[in-house]
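Q: Make a model of this:
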Amino acid sequence: MDSKHRRKQPRLLTESERARLEEFQDSIHYSSRYSDDNFEYRHVTLPKNMLKVIPKDYFDTETGTLRILMEDEWRGLGITQSLGWEHYETHTPEPHILLFK
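A: Numbers count the residues shown, from 1 in each chain. Presented below is the predicted three-dimensional model:
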């Protein structure tokens, strides 16, 4: 992973940021798992309006999409998955879709 797209330390949400995001958590959609010869994958679809309240420093300034989030960061947004999932890409045409492996 390109180091400019991944932080060394997670930027955790403040209590007020977390409170603004809570209303969207029940609307997060999780795809079924799918796989290839190397990995198991799934995508997570955030409500589009949720992007408006996610802190600006969670976004890549070049693309305007969410940057690659560390586990503590995506869990802080309310994404719940079993251990071991890694956010590896944001679907640029639809920036509310996060790809995990």
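
Q: where does residue 99 fall, phi/psi-wise?
A: phi -100, psi 130 (degrees, to the nearest 10).

Q: Downstream of the lengthiest helix in the chain, the next helix or strand is which one?
A: If you go by DSSP state H, the chain has its longest helix at helix 15-22. Remark: after helix 15-22, the chain's next helix or strand is strand 29-30, criterion DSSP states H and E.

Q: So what touches that next one?
A: The contact list for strand 29-30, computed with Cβ atoms under 8 Å, 6 or more residues apart in numbering, reads 42, 44, 45, 81. Just so you know, the C-beta spots here come from the backbone N, C-alpha and C atoms, and that holds for glycine as well.

Q: OK, contacts around residue 59?
A: Applying Cβ under 8 Å, 6+ apart, we find residue 59 in contact with 65, 66, 67.

Q: Now flag whichever of the contacts of strand 29-30 is closest to residue 10.
A: residue 81 (16.0 Å; Cβ to Cβ).

Q: what number of residues lie near residue 35?
A: Neighbour count for residue 35, taken as other Cβ atoms under 10 Å: 10.

Q: ok, it - contacts?
A: Contacts for residue 35 (Cβ under 8 Å, 6+ apart) come out as residue 41.

Q: The residue nearest the centre of the chain: helix or strand, and which one exactly?
A: Nearest to the geometric centre of the chain sits residue 74, at 4.7 Å (Cα atoms, centre = their mean). Following DSSP H and E, one finds residue 74 within helix 71-76.

Q: I'd like the mean pLDDT over the helix or strand that that helix is followed by, please.
A: Next helix or strand after helix 71-76 toward the C-terminus (DSSP H and E): strand 87-90. Strand 87-90 comes out with an average pLDDT of 96.

Q: Brilliant, that's me finished.
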